[in-house]
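Engineer: Okay, predicted coordinates and the sequence, questions at the end:
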Amino acid sequence: QVQLAESGGGLVQAGGSLRLSCAASGRTFGMNGMGWYRQTPGKEREFVAAISLSGGSTSYSDSVKGRFIISGDNAKNTVYLQMNSLKPDDTAVYFCAAGSARVSVKIAPDFWGQGTQVTVSS
């Protein structure tokens, strides 16, 4: 099993920035993709961004492209999400996700974190 621990959520004003972190532990051998999803009450969990830890290739949803930056540290099995120009619509619980590859994380992650709340005030 892989355990994912998120940190960095909080309250920020619109236009501000936040940085989320997620560290993986446990049986991480073969885990090459990490990423982020978010969910608001009554809605399905939606993909935000993913990264290949070994190659560095990234994927973003259209709603965050150009504002959010995902990065990773392969040696530490850690992924980061730098969120800039935040909008009230970005308010959600953000979940870290992991899998064997960036593509698999985007489609169907194998592991999930507990989530961290991000609230953007107008």
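Structural biologist: Yep, it's here.

Engineer: Now the nearest residue to residue 60 once chain neighbours are set aside: which helix or strand?
Structural biologist: Distances taken as Cβ to Cβ, 6 or more residues apart in numbering place residue 49 nearest to residue 60, at 4.9 Å, with adjacent residues excluded. No exception for glycine: its C-beta is placed from N, CA and C like everyone else's. Per DSSP states H and E: residue 49 is located in strand 46-52.

Engineer: who's in contact with that strand?
Structural biologist: For strand 46-52, the surrounding residues in contact (Cβ atoms under 8 Å, 6 or more residues apart in numbering) are 32-39, 57-61, 64, 68, 70-72, 79, 81, 94, 97, 101-103, 105-106.

Engineer: and residue 34, how many neighbours does it have?
Structural biologist: As a burial measure, residue 34 scores 32 neighbours (other Cβ atoms under 10 Å).

Engineer: list the contacts for residue 84?
Structural biologist: Counting by Cβ under 8 Å, 6+ apart, residue 84 has contacts 17, 67, 68, 69.

Engineer: Sitting in strands, which of these do you find?
Structural biologist: 68, 69 (DSSP state E).

Engineer: Pick the one among the contacts of residue 84 closest to residue 7.
Structural biologist: residue 17 (15.5 Å; Cβ to Cβ).

Engineer: Please tell me I have it right and that closest one contacts residue 81.
Structural biologist: No: the criterion here is Cβ atoms under 8 Å, and residue 17 misses it with residue 81 at 10.8 Å.

Engineer: More neighbours: the two, which one.
Structural biologist: residue 81 (25 against 12).
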